[in-house]
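[1] Output the structure for:
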Amino acid sequence: MELAQNAQEFGLVVVARILTPFAYPVLQNQRIFALYLLTSFAIAAAAFAYHHRGSLKQFFAYAFPRAVYGHGSARVDYRYFVVNTITFGLLFAPIIFGAPAVARVAKAGLAALLGVPGLGFESGWGAALALTVLAILAFDFAIFAGHWLQHFVPTLWEFHKVHHSAEVMTPITVYRMHPVDDLLIGFLVALCTGLAQGLFDFAFAGKIEAITAFKLNLVLFLFYVTGYNLRHSHIWLDYPKALSWLLLSPATHQIHHSSAERHWDKNLGFIFSFWDRWAGTLYLPERKEELVFGLSGGEHRQFDSVWRLYTLPVRKVWARYSADRQARDSLSLGKLAVVVAVFLGVSLAAVSKQLTAPPTSVVSIEDLTWVEVRDAIRQGKTVAIVPTGGTEQNGPHLIMGKHNYIVRHTATRVAETLGNALVAPVIAYVPEGSIDPPGGHMAYPGTISLPEPAFAALLEATARSLKAGGFKTIVFLGDSGGNQRPQEEVAARLDREWEAAKVRVVHAGAYYGANGQIEALLAEGESRTSIGSHAGIRDTSEVMAIAPHGVRPGMMTLDGVFWERTGVIGDPTRATPERGVKLLQLKIDAAVREIRRAMEGNGS
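    Have a look, this model is predicted:
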């Protein structure tokens, strides 16, 4: 049964990959997205109107000449685009590590070297703009570096010849890349952009994301909509010299494809021209140049089929090594066959799990499919964390969902630290006081309260659901005081009931009640009065660190001792994001220690 199900899932992956190339015009992350094509078309029309002032029929003949779009080289491009998009997605793309993985490693490395993440930098538009710029610079440098290697390392050049063998250029020519080229660029882009993101993840307590448009880095989006697709075309569009010192124009990339010796290895950059300027590979034309595309000496004629685009570079590299006796002895055909077989086997294994294996960076159950949750449990993620927050008043300066933001963050970090846990959705409705007559937090509008028996029933049903799904340890992680007693009682009762089944239910009480936060603040010179117990230094600092939008600095009050007037107990004006990072970590550490002790007792 399972074999049939896996076969069905694998079949869905294959079908999806076969359809993928035909969906590119509606995918905003693809270079031939309809919007990018349309803006390039509009720019071409404007250029034609400025230089030629012909009729509409003449414009279409100018923009879509049959000699270009019907050329044999272009027809090879079309076939190769479909075939390679499918095969690369199935065999090679699954083994490229992603930028998020690099970002996590970078952040962890910096934390190991420099200490607790969060250097006190403020999040906001300025930080987002800085990351946007750094990310696009990292992205562009990675492409330049990979392109430089493809031109100046002889073995890589054999594979890169596939792209330069195009005798005419259309927007589809951008996809005329050998898989070795794509793998190299993919690895370098993931490495460089991941390092940039990891640096910001470490430096800022809250999550910083680049400014985007259509889910792309804003700068990259602007690059794509300002004539990007003219780079691979016959339409000459150059920039003024002043702008060309910063950006590479479509014309400069067309020069890069020229077979003339003076143009060899020039203009290797993608967006920015300063990498080429520093490397001595920048070529800016003084005027329009007549260009012949392809490889020198007519070598491009050898790349006349999809099969040859794949195999000819491999044969040439093999011939290069075979000409050297020592290299031939160390790299026999049999060894090469074994390497290729292993590589394809790993790729196929990755594909077979593409739908079923959960993304390694995701621990939130609500962000996974049921298939991904099932396989995560099979792979050892048998701990389920049930975060409970609350919807309550938090004074004039903190949002009602304070606890939900905090516990979602801490539960995620606890799961990532444990390595074998997933996180259930946050339970946001908890005991907050009597409803009629209003008491406790219910005296303030916006608060939502559950009676304790209803909350206990909700906890029990959640735990029973997770047990039925296959989890072996279920942890209640409560961020609010009213949650603690029901959690403890339900956990103790279910833990006894399921003892024979070897399923543990744990109330992580140390997370809330014995996390060392008060002691740490007292050691910093605070008093118990200034620390308080609700919406004071601790709560406010934590929200500042992870959700700064949830704090209204102008509404902070010093009347924290007057509960009836403000709903605050403590002095929130003494809160800082830096304190929030430290206080959150104390909670996380306390929970991790308690959960690990429980798992040891369960033999996990």
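[2] Val174 looks like it's in a helix, true?
    Yes. According to DSSP: H, G, I helix; E, B strand; the rest coil, Val174 belongs to a helix.
[3] Count the neighbours of it for me.
    20 (other Cβ atoms under 10 Å). Bear in mind the C-beta positions are built from the backbone N, C-alpha and C, glycine included.
[4] so what are the domain limits for the chain?
    As given by automatic domain parsing, the domain ranges for the chain are 2-301, 365-601.
[5] ok, of those domains, where does mean pLDDT dip lowest?
    Mean pLDDT across the domains of the chain is lowest at domain 2-301; the value there is a mean of 87.
[6] before we move on, back to that, packed most tightly, which of the domains of the chain would that be?
    domain 365-601 (a mean of 19; mean count of other Cβ atoms under 10 Å).
[7] from the middle of its chain, how far away would that one be?
    27 Å (Cα atoms, centre = their mean, to the nearest Å).
[8] quick one: secondary structure of Pro25?
    At Pro25 the chain is in helix, as set by three-state DSSP.
[9] Check which helix or strand Val76 maps to.
    Taking DSSP states H and E as the criterion, Val76 maps to helix 72-87.
[10] if we can go back for a sec, in TSV: the domains of the chain, plus distance to Arg315.
    Formatted as TSV, those follow (distance: least, Cβ to Cβ, whole Å):
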stretch	distance to Arg315
domain 2-301	9
domain 365-601	40
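[11] Leu309: which of those is closest?
    Checking the domains of the chain against Leu309 by Cβ to Cβ gives domain 2-301 as the closest, at 5.1 Å.
[12] Distance of the residue minimising distance to the centre of the chain relative to Gly198?
    Central residue of the chain (Cα atoms, centre = their mean): Pro100, 4.6 Å from the mean position. For Pro100, the distance to Gly198 equals 9 Å [Cβ to Cβ, to the nearest Å].
[13] so what's Ser592 up against?
    Careful, residue 592 is Val and not Ser. By Cβ atoms under 8 Å, 6 or more residues apart in numbering, Val592 lies in contact with Val414, Thr417, Leu418.
[14] ok but it is inside a helix, no?
    Yes. Assessed with three-state DSSP, Val592 lies in a helix.
[15] so how far is Ile43 from it?
    Val592 is 56 Å from Ile43, by Cβ to Cβ.
[16] could you pull out the strands for the protein?
    Counting by DSSP state E, one finds strands in the chain at the ranges 212-213, 216-217, 383-388, 421-423, 473-478, 504-507.
[17] Nearest residue to Asp276 in space, please, no chain neighbours.
    Excluding the flanking residues, the one nearest Asp276 by Cβ to Cβ, 6 or more residues apart in numbering is Leu282, at 3.7 Å.
[18] before we move on, the earlier item: which of the contacts of Val592 lies closest to Tyr511?
    Val414 (8.2 Å).
[19] The closest residue to Leu309 other than its chain neighbours: what's it in contact with?
    Leaving aside its chain neighbours, Leu309 sits nearest to Val162 (5.1 Å; criterion: Cβ to Cβ, 6+ apart). Residues in contact with Val162 (Cβ under 8 Å, 6+ apart) are Arg176, Met177, His178, Asp181, Phe303, Leu309, Leu312, Pro313.
[20] you'd agree Ile406 is up against Thr388?
    No. Counting by Cβ atoms under 8 Å, Thr388 is not a contact partner of Ile406; they are 11.2 Å apart.
[21] shared neighbours of the two, anything?
    Contacts common to Ile406 and Thr388, judged by Cβ under 8 Å, 6+ apart, are Asp479.
[22] Please identify the residue most distant from the middle of the protein.
    Farthest-from-centroid check, the chain (Cα atoms, centre = their mean): Pro437, 48.4 Å.
[23] Dihedrals phi and psi, that one?
    The phi/psi pair for Pro437 (degrees, to the nearest 10) reads phi -80, psi 150.
[24] Could you list every helix and strand that the longest helix seen in the chain packs against?
    If you go by DSSP state H, the chain has its longest helix at helix 125-152. Secondary-structure packing of helix 125-152 (3 or more Cβ pairs under 8 Å, 6 or more residues apart in numbering; DSSP states H and E): helix 154-164, helix 179-203, strand 216-217, helix 218-225, helix 274-279.
[25] now the helices for the stretch 451-600 of the chain?
    Applying DSSP state H, counting those that start in this stretch to the stretch 451-600 of the chain gives helices spanning 452-469, 484-497, 510-513, 517-523, 528-531, 537-546, 563-566, 577-601.
[26] which stretch among those comes nearest Phe214?
    helix 537-546 (27.5 Å).
[27] any idea of the angle that closest one forms with helix 577-601?
    100 degrees (axes from the mean of the first three to the mean of the last three Cα atoms, to 10 degrees).
[28] Show residues contacting helix 537-546.
    118, 205-207, 394, 397-399, 402, 405-406, 409, 517, 521, 526, 530-532, 550-551, 556, 570-572, 574-581, 583-584.
[29] do stretch 139-154 as well
    Defining contact as Cβ under 8 Å, 6+ apart, one finds that stretch 139-154 is touched by 156-157, 159-160, 181, 184-185, 188-189, 191-193, 217, 220, 265, 268-272, 275-276, 279, 281, 320.
[30] Hmm, Leu422 and Val383 touching each other?
    Yes. With contact defined as Cβ under 8 Å, Val383 reaches Leu422; the gap is 7.3 Å.
[31] Quickly list what's touching both of the two.
    Ala415, Phe471.
[32] Next up, the contacts around Pro425.
    Contacts of Pro425 (Cβ under 8 Å, 6+ apart): Ser364, Ile365, Glu366.
[33] Include distance to Tyr239 when you put those residues into a markdown table, please.
    Formatted as a markdown table, the contacts of Pro425 follow (distance: Cβ to Cβ, whole Å):
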| residue | distance to Tyr239 |
| --- | --- |
| Ser364 | 45 |
| Ile365 | 50 |
| Glu366 | 47 |
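[34] so what's His441 up against?
    Glu392, Gln393, Glu432, Gly433, Thr447, Ser449, Gly567.
[35] which pair in these spans the largest distance?
    Using Cβ to Cβ, the contacts of His441 span at most 14.5 Å, a distance reached by Ser449 and Gly567.
[36] these two touch, right, Val551 and His397?
    Yes. Between Val551 and His397 a contact is recorded at 6.2 Å, counting by Cβ under 8 Å.
[37] can you tell me how far Leu268 sits from Trp148?
    Taking Cβ to Cβ, one finds Leu268 at 5 Å from Trp148.
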